[in-house]
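[1] prediction below, plus the sequence it came from.
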Amino acid sequence: MKTVGKESSRTYTTIALCFVVALLEGMDLQSAGIAAPGIAARFGLSSTMMGAVFSASILGLLPGALGGGWLADRVGRKRVLIGAVALFGLFSIATAQVWDLNSLLAARFLTGVGLGAALPNLIALSSEAADARSRGIAVSLMYCGVPLGGALAALVGMAGFASGWQSVFYVGGMAPLLVAPLLALCLPESAAFREQQNAGGGGASSMRVSLRQGLFQEGAATPTLLLWISYFFTLMVVYMLLNWLPTLLVGQGFTRPQAGVVQILFNLGGATGSLLLGLLLDRWRPPALVALTYAGILAALAGLGLSETVGSMRLAGFAAGFFAIGGQLVLYALAPLFYPTSVRATGVGAAVAIGRLGSMSGPLVAGQMLAMGTGATGLLLASAPGIVVAAAAVFYLLGQRRAEGVPV
């Protein structure tokens, strides 16, 4: 009984600390979008240039996720997570000190490297801390910190607007630097990782073999590629909304305070969706949950593009966060199931990295389309085909597992 209590304490501690890091990650992921009007005014940036600023941090997420996942399978999830948190804290502060567009792009890229390295380790730690029946809710409890962090960033931006756009980056940088020592003292290393290391599975040679076999051989290539497709298109839409939603709403005739409220509701919807969809993932059959999630994303995009009143836009913003960010959570919770412990962080990191290509392209494409005069409505409705492709990839993946006799 004592052992069970000790294991439960480790599980709760892991999820709680991972939630705190996810909260900080969510703050920084949306800080550039919230500070965008001030940044554009300070440096005289066009919408295309702002798209490049948004994409710089997302570009950094790509090598961060790949490198962070790969390194974590060799030296441990905890060590890499602490380094990642310190890295994105330092360069968030550096963002507030930039002097031109090039220094801004460099600071956002390096911030993204830290953010990218953190996420696969948060997913692996949360997933490995819980038993098989509770992994969905464990990952969802951790991940709901991301949209809550985005809502917190919006509040910081609104409260600190008079002191300049830099305030959101100072807050988003100091907090991680304070949390990193707490992780070093209190965060338990993954028990699954420690068991694998003790069994002698941590060598460099065996890791290279495990990586090839785990991601692309012995029937794993199809699940890996389908996960990558679904991650790419889902995150493309999510990050377009994360970065451009306030600007899109202002372009539709809403005031900046109204846009700020919708942004907060988008993030609160994301937190709610992460929790509820995570609960349902442990109780429903995944195909039914995936159908609900992607149908909800399509409906929310239509609502954002077609709403004309403040009330309907608030509802659409909440629904968009609920299903888009919640759908991202469903993907994050499903991915660890396809990989063994020896390559789990690497496999999840690779999927997250591919998703980051979609994350990077979303803001860039949005900036180009807006510069061409497409308008907010046309941009949002043009996102629908990518969501259909993502849903089809997940459905096919789940169908393949069912055909192989694996419960889904």
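    In hand now; what should we look at? Numbering: from 1, shown residues only.
[2] past the helix or strand bottoming out on mean pLDDT in the chain, which element shows up next along the chain?
    Across the helices and strands of the chain, mean confidence by mean pLDDT, DSSP states H and E is lowest for helix 204-216: a mean of 52. The first helix or strand that comes after helix 204-216 along the chain, using DSSP states H and E, is helix 221-251.
[3] mind listing what's buried in that following helix?
    For helix 221-251, the neighbour count (16 or more other C-beta atoms under 10 Å) marks 223-224, 226-249, 251 as buried. All C-beta spots, glycine's among them, are computed from the backbone N, C-alpha and C.
[4] ok, Thr234 to Leu241 distance?
    Distance of Thr234 to Leu241, computed by C-beta to C-beta, to the nearest Å: 11 Å.
[5] now swap in Ala86 and tell me
    Relative to Leu241, and taking C-beta to C-beta, Ala86 is found at 29 Å.
[6] same check on Arg314?
    In terms of C-beta to C-beta, Arg314 sits 15 Å off from Leu241.
[7] so where's the chain uncertain?
    1-7, 132, 158, 160-163, 199-220, 242-243, 339-343, 373-377, 401-408 (pLDDT under 70).
[8] output the longest helix belonging to it.
    Assignment by DSSP state H gives helix 2-43 as the longest helix of the chain.
[9] now that one and helix 221-251, what's the angle there?
    50 degrees (axes from the mean of the first three to the mean of the last three C-alpha atoms, to 10 degrees).
[10] and helix 2-43, how far from the chain's centre?
    10 Å (C-alpha atoms, centre = their mean, to the nearest Å).
[11] helices and strands around that helix, which ones?
    helix 47-75, helix 77-95, helix 101-129, helix 135-143, helix 145-159, helix 167-186, helix 221-251, helix 256-281 (3 or more C-beta pairs under 8 Å, 6 or more residues apart in numbering; DSSP states H and E).
[12] show me which residues of the fifth one are buried.
    Read it as helix 145-159. Buried positions in helix 145-159, judged by neighbour count with 16+ other C-beta under 10 Å: 145-158.
[13] and of the residues you listed, the nearest to Ser190?
    Gly145 (18.5 Å; C-beta to C-beta).
[14] once you drop chain neighbours, what's closest to the closest one?
    Ala22 (3.2 Å; C-beta to C-beta, 6 or more residues apart in numbering).
[15] how deep is the one you found tucked in, by neighbour count?
    25 (other C-beta atoms under 10 Å).
[16] is it in contact with Leu141, as I believe?
    No: counting by C-beta atoms under 8 Å, Ala22 sits too far from Leu141 to count as a contact (9.4 Å).
[17] relative to helix 77-95, how tilted is the host helix or strand of Ala353?
    Ala353 is part of helix 344-371, with elements assigned from DSSP H and E. For helix 344-371 against helix 77-95, the angle by the same axes, to 10 degrees is 30 degrees.
[18] helices or strands up against helix 344-371?
    helix 47-75, helix 101-129, helix 204-216, helix 221-251, helix 326-334, helix 375-382.
[19] name the residues that touch the helix or strand just after the shortest one?
    Going back to what we said before, that points to helix 375-382. Under the assignment DSSP H and E, the closest C-terminal helix or strand after helix 375-382 is helix 384-403. For helix 384-403, contacts defined as C-beta atoms under 8 Å, 6 or more residues apart in numbering pick out 222-223, 226-227, 229-234, 236-237, 286-287, 290-291, 294, 297-298, 301-302, 331, 334, 358, 408.
[20] just the buried positions in helix 384-403, please.
    386-387, 390-391, 393-395, 397-398, 401.
[21] what's the answer for stretch 190-198, then?
    With burial defined by 16+ other C-beta under 10 Å, the residues of stretch 190-198 counted as buried are 190, 192-193, 196-197.
[22] wait, which of those is closest to Phe322?
    The closest of these to Phe322 turns out to be Ser190 (C-beta to C-beta; 29.9 Å).
[23] list the contacts of that closest one.
    Contact analysis of Ser190 by C-beta under 8 Å, 6+ apart lists 76-78, 124-125, 128-129.
[24] which residue packs closest to Phe318, ignoring adjacent ones?
    Gly269 (3.8 Å).
[25] list the contacts of that neighbour.
    For Gly269, the contact set (C-beta under 8 Å, 6+ apart) comprises 147, 317-322, 325.
[26] mind running it again at 10 Å?
    147, 151, 300, 314-326 (C-beta atoms under 10 Å, 6 or more residues apart in numbering).
[27] if any of the residues you listed are buried, put those into a ChimeraX selection.
    Selecting only the buried entries of the contacts of Gly269 in ChimeraX, with 16+ other C-beta under 10 Å as the criterion:
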select :147,151,300,314,315,316,317,318,319,320,321,322,323,324,325,326
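[28] in helices, which of the contacts of Gly269 fall?
    Going by DSSP H, the helices hold 147, 151, 300, 314-320, 326 from the contacts of Gly269.
[29] and of the buried residues of stretch 190-198, the nearest to Ile93?
    Once C-beta to C-beta is applied, the member of these that ends up nearest Ile93 is Ser190, at 29.6 Å.
[30] give me phi/psi at that closest one?
    Ser190 adopts backbone torsions of phi -60, psi 130, taken as degrees, to the nearest 10.
[31] buried stuff in stretch 366-373?
    Across stretch 366-373, burial judged by 16+ other C-beta under 10 Å covers 366-367, 369-370.
[32] which strands or helices does the helix or strand hosting Ala288 pack on?
    Here Ala288 sits within helix 286-306, counting by DSSP H and E. Applying 3 or more C-beta pairs under 10 Å, 6 or more residues apart in numbering; DSSP states H and E, one finds that helix 286-306 makes contact with helix 221-251, helix 256-281, helix 310-320, helix 326-334, helix 375-382, helix 384-403.
[33] so what touches the third one?
    When you say that, I think you mean helix 310-320. Contacts of helix 310-320 (C-beta under 10 Å, 6+ apart): 237-238, 241, 245, 249, 252, 254-255, 258-259, 261-270, 272-273, 296-297, 299-307, 309, 380.
[34] hmm, which of those are the buried ones?
    237-238, 241, 245, 249, 252, 254, 258-259, 261-270, 272-273, 296-297, 300-301, 303-305, 307, 380.
[35] count of residues packed around Ala65?
    Counted with other C-beta under 10 Å, Ala65 comes out at 29.
[36] that older thread, anything in contact with each of Ala22 and Leu141?
    126, 274.
[37] related to what we said a few turns ago, orientation of the helix holding Ala353 relative to helix 101-129 in degrees?
    140 degrees.
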